[in-house]
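K.L.:
got a structure for you, letters missing:
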Ligand SMILES: Cc1cc2nc3c(=O)[nH]c(=O)nc-3n(C[C@H](O)[C@H](O)[C@H](O)COP(=O)(O)OP(=O)(O)OC[C@H]3O[C@@H](n4cnc5c(N)ncnc54)[C@H](O)[C@@H]3O)c2cc1C
């Protein structure tokens, strides 16, 4: 072990091995970047907190080859509904088919999902996970970070130091790293305590599979089918109720009985209490240390986006670290982690707050009326389902609605030149790729632009229609014309796609490799008013 500035024990140290930490380790491991993950707990945390993942998150897991393993412990979610106790529906949402290669939404069981992810990380030689390792100190200098840890629960135990080039603080909402860096966690913690009840299903009841928000000022209740025969209720405690009133599983039964649930329906296996936070750290980068997941931001659960945001943080920062560590991109690119992720997290936080108003029946009459579909009008896509997009960051061009730059490329099934059919990403691999509409992208690039993308080991593929013959070895065939229609809808002939599948540049914006500040930022992730409609949908 070393502690001077010139030698390192690892490239990246990951503090905390929850969803954000393991997603970071998996990505670094997949790219052969060395990392040490330190987790204070010896065993996996068994509480099922997050309940859902969507097609963006599944696409991230697909890039690690894990989507099919994970799906075994997931159930596709068909619909959401917000209903009053008298049975009137306030708002309903049937999930449309996903455009990113996966169904739009899945119910999960978080401990099973995390177990699969941890198991998968074991195959990476460059990933070293140390359990029972509680981080007690983090310091940094111009050349690296020194992280000190001790064996959890062993008072006065030996301190081990790790020297790394960068650190990812994935140590959750009460992040010691964030506190040590004196980064304020601005926002609110709401006063209401919720009891979260997890149960095994004993028999099916009507519409159990439809995620239901029982909407009421006094006792709003979340009622969710989780994967693998689990079910969840989240119920707020009223003013006169204390946590101590619900010390045992038996004590929470009256809350469920009031909802018509009986011992014949379920067996409760755990319950816990929590409060909702609407908070974000004032900065997510401090020198060589980055805050990810709950360490950097927390939102109420109504959009099902808390855990997913941490996973997306990991998928954002890790490819940038890979490129910077390899000397292919400058350190400033790491600043775009916060520039890109913060607006997206703020967007989902707003979505969550607004959805929370429905279940708590806090809407104004105007807001309530706006939820109802207008006769004769196409229903609007609710913000929860707006396509992923960058509002700022490592891209070139205009990131506003109607522009292809900053959008996540759709993922239809394509064929390669040898006739193998697969979802787009499986044909592209994990790196940068330039796609041309019936043209080899290298024919459109200047020599300087091509040199820039060559340095990033980009691949170049012409996308041909199914009634055309392929020309180059890396050509792709757009079986149903969906990808070509999507590009043409924005007027783009060539697009440069980042490893996380966002469009970094197009022939409209200019195809030079982006530099920090080369994009025109959009105020927030915005309504997809000009997003071309899917073909064959
Ligand atoms: C009831 C409830 C419902 C939720 N529903 C959803 C949902 O539907 N969808 C969704 O996306 N999110 C949801 N969330 C949020 C989600 O669970 C969290 O956002 C997610 O778990 C955060 O992941 P993380 O890895 O950032 O942090 P955590 O899961 O908190 O993991 C942090 C890890 O760091 C470790 N650690 C902490 N300090 C140290 C230290 N000093 N040294 C070493 N290790 C340390 C901890 O032991 C832990 O393993 C919900 C949360 C709750 C409470």
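P.N.:
Here it is on my side, so go on. Quick caveat, the model's predicted, so the values are computed rather than measured. Numbering: from 1, shown residues only.
K.L.:
next one: residue 527, what pLDDT does it get?
P.N.:
For residue 527, the pLDDT comes out at 63.
K.L.:
immediately after the helix or strand where residue 196 lies, which helix or strand?
P.N.:
For residue 196, the enclosing helix or strand under DSSP states H and E is strand 185-201. Scanning forward in sequence from strand 185-201 by DSSP H and E, the next helix or strand is strand 211-214.
K.L.:
now that next one: average pLDDT?
P.N.:
Strand 211-214 comes out with an average pLDDT of 94.
K.L.:
briefly note if stretch 327-343 comes near the ligand.
P.N.:
No - Stretch 327-343 lies out of reach of the ligand by C-beta under 6 Å from any ligand atom, never closer than 12.5 Å. The way it works is simple: take the backbone N, C-alpha and C, and place the C-beta from them, glycine included.
K.L.:
what's next to that stretch, contact-wise?
P.N.:
Contacting residues not belonging to stretch 327-343 are listed as 280, 283-285, 290, 297, 309, 312-313, 316-317, 320-321, 323-324, 390-394, 455-457, 515-516, 524-525 [C-beta atoms under 8 Å, 6 or more residues apart in numbering].
K.L.:
just the buried members of those residues?
P.N.:
With neighbours counted by 16 or more other C-beta atoms under 10 Å, these contain buried members at 280, 284-285, 290, 297, 309, 312-313, 316-317, 320-321, 323-324, 390-394, 456, 516, 525.
K.L.:
helix, strand, or coil at the residue in the stretch 351-500 of the chain that the ligand sits nearest to?
P.N.:
The ligand sits closest to residue 352 of the stretch 351-500 of the chain, with a gap of 9.5 Å, by C-beta to the nearest ligand atom. Secondary structure state of residue 352, per DSSP: H, G, I helix; E, B strand; the rest coil, is helix.
K.L.:
could you report the neighbour count for it?
P.N.:
Residue 352 has 20 neighbours, counted by other C-beta atoms under 10 Å.
K.L.:
cool, and residue 429?
P.N.:
Other residues close to residue 429 by other C-beta under 10 Å number 12.
K.L.:
could you tell me how far it is located from residue 121?
P.N.:
From residue 429 across to residue 121, the span is 20 Å (C-beta to C-beta, to the nearest Å).
K.L.:
any residues of this protein in contact with the ligand? List them.
P.N.:
Neighbours of the ligand within the chain, by C-beta under 6 Å from any ligand atom: 15-21, 38-41, 45, 49-52, 134-135, 170-172, 176, 196, 274, 293-294, 301, 304-308, 310.
K.L.:
and the closest residue to residue 486 other than its chain neighbours, how far from residue 385?
P.N.:
With C-beta to C-beta, 6 or more residues apart in numbering as the criterion, residue 486 has its nearest non-adjacent residue at 5.2 Å, and that residue is residue 410. Distance from residue 410 to residue 385, counting by C-beta to C-beta: 14 Å.
K.L.:
cool, and residue 433?
P.N.:
Going from residue 433 to residue 385 by C-beta to C-beta gives 26 Å.
K.L.:
which residue of these two possesses the greater neighbour count?
P.N.:
Applying other C-beta under 10 Å to residue 433 and residue 385 shows that residue 433 carries more neighbours, namely 25 against 17.
K.L.:
tell me what that one is bridged to.
P.N.:
Beta-bridge pairing of residue 433 under DSSP bridges involves residue 459, residue 497.
K.L.:
OK, contacts around residue 316?
P.N.:
Applying C-beta under 8 Å, 6+ apart, the residues near residue 316 are 337, 340-341, 500.
K.L.:
how about a cut-off of 10 Å?
P.N.:
Going by C-beta atoms under 10 Å, 6 or more residues apart in numbering, residue 316 touches 27, 60, 290, 292, 336-338, 340-341, 344, 390, 393-394, 498-500, 502.
K.L.:
confirm that it sits in a strand.
P.N.:
No - with three-state DSSP as the criterion, residue 316 is helix rather than part of a strand.
K.L.:
against the ligand, how distant is it?
P.N.:
Distance of residue 316 to the ligand, given as C-beta to the nearest ligand atom, to the nearest Å: 14 Å.
K.L.:
check that residue and give its pLDDT.
P.N.:
On pLDDT, residue 316 comes in at 98.
K.L.:
state the distance from it to residue 332.
P.N.:
Applying C-beta to C-beta, the value for residue 316 to residue 332 is 15 Å.
K.L.:
output the below-cut-off pLDDT ranges for the chain.
P.N.:
Where the chain drops to pLDDT under 70, the residues are 1-5, 523-537.
K.L.:
how is it divided into domains?
P.N.:
Per the record, the chain has its domains at 10-76+103-185+278-357, 188-276, 387-530, by automatic domain parsing.
K.L.:
for residue 379, which of the ones you listed is the nearest?
P.N.:
domain 387-530 (13.3 Å; C-beta to C-beta).
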